Each structure stands twice: as structure tokens, then as C-alpha cells.
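K.L.:
generate a structure from the sequence data that follows.
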Amino acid sequence: MGYLGPEGTFTELATIRFFAGRPYRGIPYPDIASALHAVQEGEIMAAVVPAENSLEGTVSITLDVLVHEVDLFIVGEIVLPVVHHLLGKHKNLSAYTRVLSHPHALAQCRRFLQQYLPQALREPVISTAEAARLVGASDQPWAAIGTELAAARYGLDTVAREIQDHAHNATRFIVCSRDTAGPTGNDKTSIAFSLPVDRPGELYHALGEFATRGINLTKIESRPAKKGMGLYIFFIDCEGHHTYPVVSQALSALQARASFYKLLGSYPRHRED
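P.N.:
Just a heads-up that it's a prediction; the model follows:
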């Protein structure tokens, strides 16, 4: 099972929780594209990657790779609360000269850093886990923002807990595989499509294929199609599995209208604990 590494990332934590009680061997990959391509090439059975954050929005590279580079299906999802901790080797916050973390984590902890570590330089790195690794390997008075899992991995103390500015911060992770997932009765379907012409009502009528059949859309957004300015791919999540007759009818009708269509997967919806 692959995941966005290195060890100690939120993605590893999501992987641990998603497969809780089931045997698996986790393999970290340096970036999202590498993890997804490893599934495509048969190196691993599936990969867990971030798809969306409640504060920062969609993880665009995940959607781009799924649409343009691989033929995989989303087979599961998990929503993980994002809780940031200050990790280091010193109890005294005034001792730290630098704070390392992913740019999003630094931004999401801005108030805490301004109030308690105004003297510390903020240094962005590729991930929260990489920040913890660098701090653990250094003899400098540096701190990292990351997970307790990363603290345990790299020999750091949790100096301050839950330092994020917003309590309602969560990331949605998806599990991608070469095979589709069967229906469970609590499913959602993700698709990507483009329309052949840009004219008034075109998107309205396309989405109407779901409304007229009583299918709820839970998400819609657009991304550049990478074929010219003003050309877009639309991404939709809807309730139900693509094999359900009413959902299948809506998808077939949409596909008939589209110049590009791709089923990204039907999979069990995340359940709150």
C-alpha cells in the first residue's frame, strides 16, 4: 500500500486509520504522482493521497494525475481532522530560531507563531514529516509543525499541542486502485467531463441530467483542461454507485453531451466516527 511520504505525514496517519484492523504494508512515495503511477504500473495494489482540504481547497495535482496520466479508480475515502503540534527538543519556546513545516501548515498556525515564536524564522519544506526529520537530525534550535506520529518517528517532543488557527480543519484522502469498488449502499461517484461548446445553459443542461433523476450532487468544480485558455474540465461528486440504474442513466446521458468523460470511481462515503 503506497502513500504520500515520508513517514510521519498526515497521509500515513490517514492510511493507518483507513486500514485499521486489516493487514497491510505501507510504502512511502516522495510525491503524489509517483504514488499513483506506482499503482498504474503494478508496483503496489493501491495508494492513499490527499484530495481536498477544508481550508486550502482541492489538491490540484491529485486531480490532474487521475485525469491526464493514469487509469485508476477511487475505491475509498477518509476525512482526517488536521491537528498541528509544535515539535522540538526544547521546552522554552523563546529558544527556537526557526520553525520548519509545509507551507500550508505554517499558514494554518500563523497566529500561534506570531504570538509565541515571533523571533523564529519560518522555513517552508516539502512536508510536515520532512520538517520533523530535519529538526530531529539537526543540533540547531529548530522546531517543526507536524503530527505526533512524526514526533515519535524522529525522536522529538510535542512542545505545544493543537496550535492551528482554525479548529475545523480537515483533509479528505482518497484510496486509488486499478480495480473498481462494488456497491455498499452508502456510496458516492466521482467523474470528470468537458463540454464540446461554451454557450449559455450548456453546463446547466448537463447537470440537469442529475436533477431530473433526483440525484444529489455533493461537489462540483472546474480545472483547466490544459488545452488552451478558457477550456475546462468539470469534476462532480454525486450520491450513489455508478452501477445503480438511475445513476447509470444520468451518467450515460451526461457522457452523450460531453466531449470528454472519465469515471473516476464509485466508492463508500466516509462515515463519521
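K.L.:
chain center to the helix or strand bottoming out on mean pLDDT in the chain: distance?
P.N.:
In the chain, no helix or strand scores lower on mean pLDDT, DSSP states H and E than strand 57-58, which sits at a mean of 90. Relative to the centre of its chain, strand 57-58 is centred 8 Å away, using Cα atoms, centre = their mean, to the nearest Å.
K.L.:
what are the contacting residues of that strand?
P.N.:
Ala51, Glu52, Glu221, Arg223 (Cβ atoms under 8 Å, 6 or more residues apart in numbering). Just so you know, the C-beta spots here come from the backbone N, C-alpha and C atoms, and that holds for glycine as well.
K.L.:
that strand pairs with which strands, and in what direction?
P.N.:
strand 46-53 (antiparallel) (DSSP bridges).
K.L.:
show me the contact partners of the partner strand.
P.N.:
1-4, 10-11, 14-15, 18, 29, 32, 35-36, 38-39, 58-59, 62-63, 75, 77, 82, 104, 169-177.
K.L.:
derive a ChimeraX selection command for the buried subset of those residues.
P.N.:
In ChimeraX, a selection of the buried entries from the contacts of strand 46-53 looks like this (16 or more other Cβ atoms under 10 Å):
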select :1,2,3,4,10,11,14,15,18,29,32,35,36,38,39,58,59,62,63,75,77,82,104,169,171,172,173,174,175,176,177
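K.L.:
just the ones in helices from the contacts of strand 46-53, please.
P.N.:
10-11, 14-15, 18, 32, 35-36, 38-39, 62-63, 104 (DSSP state H).
K.L.:
excluding chain neighbours, give the residue nearest to Thr171 in space.
P.N.:
Asn53 (4.8 Å; Cβ to Cβ, 6 or more residues apart in numbering).
K.L.:
residues near that neighbour, how many?
P.N.:
17 (other Cβ atoms under 10 Å).
K.L.:
what distance do you get for it to Leu264?
P.N.:
In this view, Asn53 and Leu264 are 19 Å apart by Cβ to Cβ, to the nearest Å.
K.L.:
once you drop chain neighbours, what's closest to Asp237?
P.N.:
Using Cβ to Cβ, 6+ apart, the closest residue to Asp237 is Lys219 (3.9 Å).
K.L.:
host element of that neighbour?
P.N.:
strand 217-224 (DSSP states H and E).
K.L.:
swap in Arg111?
P.N.:
Going by DSSP H and E, Arg111 is in helix 110-116.
K.L.:
same question for Thr243.
P.N.:
Per DSSP H and E, there is no helix or strand for Thr243.
K.L.:
close enough to count as contact, it and Ser266?
P.N.:
Yes. Using Cβ atoms under 8 Å, Thr243 is in contact with Ser266, at 7.2 Å.
K.L.:
alright, that wraps it up for me.
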